[in-house]
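**Student:** fold the stuff below for me.
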Amino acid sequence: MYTYSQETLDHLRKFRLSTSRASDPQAVICMSIADDLQVKQDEDKIVYKSLEEIGDDLPDNSPRFVLLSYPLTLPSGRLSVPYVLLYYLPATCNANWRMKYAGAVEEMRSKAEVGKVIEIESVDDLEDLPKKLGAA
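**Tutor:** I've put the predicted structure just below:
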């Protein structure tokens, strides 16, 4: 149903491999779905280094997929670097976009090879993210 260009697939793989041992948070707002149901990476290809930077660039009324590698210390004291897909779905987005993105979540999870999908509705939800990921 949804299509991915080879460039987009290469971008997903490169980002996943480059963040596996990261010492700082890294994220890309990488996906939007075109009218032809092609999933595309963000044209700017910015790698964000903080949750605040991500929040500043998320649109108010449009859903997005965000790939996030977030190093944290677990309650056991062990360092972990979860690689997750943030499914940003603001309450103000229209029903057509909600349907398009909802249909693509599981496929995106598979293509990006993430361990977990976390749905967020607002930029404020980013503040609770370390807790959702299991930080100490």
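
**Student:** use CA for all of it now, contacts and neighbours both
**Tutor:** OK.

**Student:** element containing Arg31?
**Tutor:** That one is not Arg; residue 31 is Met. If you go by DSSP states H and E, Met31 is part of strand 26-33.

**Student:** for the record, mean pLDDT for the helix or strand that that strand is followed by?
**Tutor:** On the C-terminal side of strand 26-33, the nearest following helix or strand under DSSP H and E is strand 38-40. Model confidence over strand 38-40, given as mean pLDDT, is 80.

**Student:** and what of stretch 44-63?
**Tutor:** Per-residue pLDDT values across stretch 44-63 average out to 90.

**Student:** name the surrounding residues that touch stretch 102-115.
**Tutor:** Taking contacts as Cα atoms under 8 Å, 6 or more residues apart in numbering, the residues outside stretch 102-115 that touch it are Tyr2, Leu9, Leu12, Arg13, Arg16, Pro82, Tyr83, Val84, Leu85, Tyr87, Lys116, Val117.

**Student:** any idea how far that stretch is from the chain center?
**Tutor:** Taking Cα atoms, centre = their mean, to the nearest Å, one finds the center of stretch 102-115 at 10 Å from the center of the full chain.
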